[in-house]
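1. Quick one, fold the following:
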Amino acid sequence: MNQHALPLLERLPGVILTVTLGTLAFLLSHILNAFDALIIGITVGMLARTIIGEKKLLQPGLSWSVSFFIPIGIIFYGVNLRFHELDIVPLAVWLQVVIGIALIFSAALWLGKKLLLS
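-> So this is what the prediction gives:
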């Protein structure tokens with residue numbers, strides 16, 4: 001069954017858990033100033049998955065939350081970028097970053113072909 005066609009009540013437990021953990025991560029990021037809410041959220045999510053495990057009751061809401069909240073979170077996270085501060089980075093560093101990313105992707109593609117991954 002399509003996850004978007006599920007009734008709201010069937011998704012509610014997983015959505016409540018997602019929102020609760022996200023709120024917890026946000027609040028902890030204000031207490032633990034050394035860590036970003038994203039890092040805390042990932043850690044809290046991993047701990048919750050380890051403690052709670054995989055529950056059928058939560059699965060529809062968790063699946064829906066991934067498809068709904070992740071894109072929104074990426075957009076809001078991108079809003080926090082300060083592009084005007086990037087002009088102080090020297091051209092040589094930009095070239096190293098671009099070359100490094102290209103090498104990593106090339107190596108991943110090559111390795112994927114060698115291991116017959118699709």
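2. Give me the distance between the residue nearest the centre of the chain and Val98.
-> Centroid-nearest residue in the chain: Ile70, 6.2 Å away (criterion: Cα atoms, centre = their mean). Distance from Ile70 to Val98, counting by Cβ to Cβ, to the nearest Å: 26 Å. The C-beta positions use only the backbone N, C-alpha and C, and glycine is treated the same way.
3. Remind me what the one helix or strand Ala102 maps to packs against, helices and strands.
-> Using DSSP states H and E, Ala102 maps to helix 91-114. Under the contact criterion of 3 or more Cβ pairs under 8 Å, 6 or more residues apart in numbering; DSSP states H and E, helix 91-114 touches no helix or strand at all.
4. Just the CA trace of it, in PDB.
-> Listed next in PDB are the C-alpha coordinates belonging to helix 91-114 (Å, rounded to 0.1, in the frame of the first residue of the first chain):
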ATOM      1  CA  LEU A  91      40.900  29.700  -4.600                       C
ATOM      2  CA  ALA A  92      43.400  26.900  -4.000                       C
ATOM      3  CA  VAL A  93      41.200  25.500  -1.200                       C
ATOM      4  CA  TRP A  94      38.100  25.600  -3.500                       C
ATOM      5  CA  LEU A  95      40.100  23.700  -6.100                       C
ATOM      6  CA  GLN A  96      41.200  21.100  -3.500                       C
ATOM      7  CA  VAL A  97      37.600  20.600  -2.400                       C
ATOM      8  CA  VAL A  98      36.200  20.200  -6.000                       C
ATOM      9  CA  ILE A  99      39.000  17.800  -6.900                       C
ATOM     10  CA  GLY A 100      38.600  15.800  -3.700                       C
ATOM     11  CA  ILE A 101      34.800  15.500  -4.200                       C
ATOM     12  CA  ALA A 102      35.400  14.500  -7.900                       C
ATOM     13  CA  LEU A 103      37.900  11.800  -6.800                       C
ATOM     14  CA  ILE A 104      35.700  10.400  -4.100                       C
ATOM     15  CA  PHE A 105      32.700  10.100  -6.500                       C
ATOM     16  CA  SER A 106      34.900   8.600  -9.200                       C
ATOM     17  CA  ALA A 107      36.300   6.100  -6.800                       C
ATOM     18  CA  ALA A 108      32.900   5.200  -5.500                       C
ATOM     19  CA  LEU A 109      31.600   4.700  -9.100                       C
ATOM     20  CA  TRP A 110      34.600   2.600 -10.000                       C
ATOM     21  CA  LEU A 111      34.300   0.500  -6.900                       C
ATOM     22  CA  GLY A 112      30.600   0.000  -7.400                       C
ATOM     23  CA  LYS A 113      31.200  -1.300 -11.000                       C
ATOM     24  CA  LYS A 114      34.000  -3.600  -9.800                       C
END
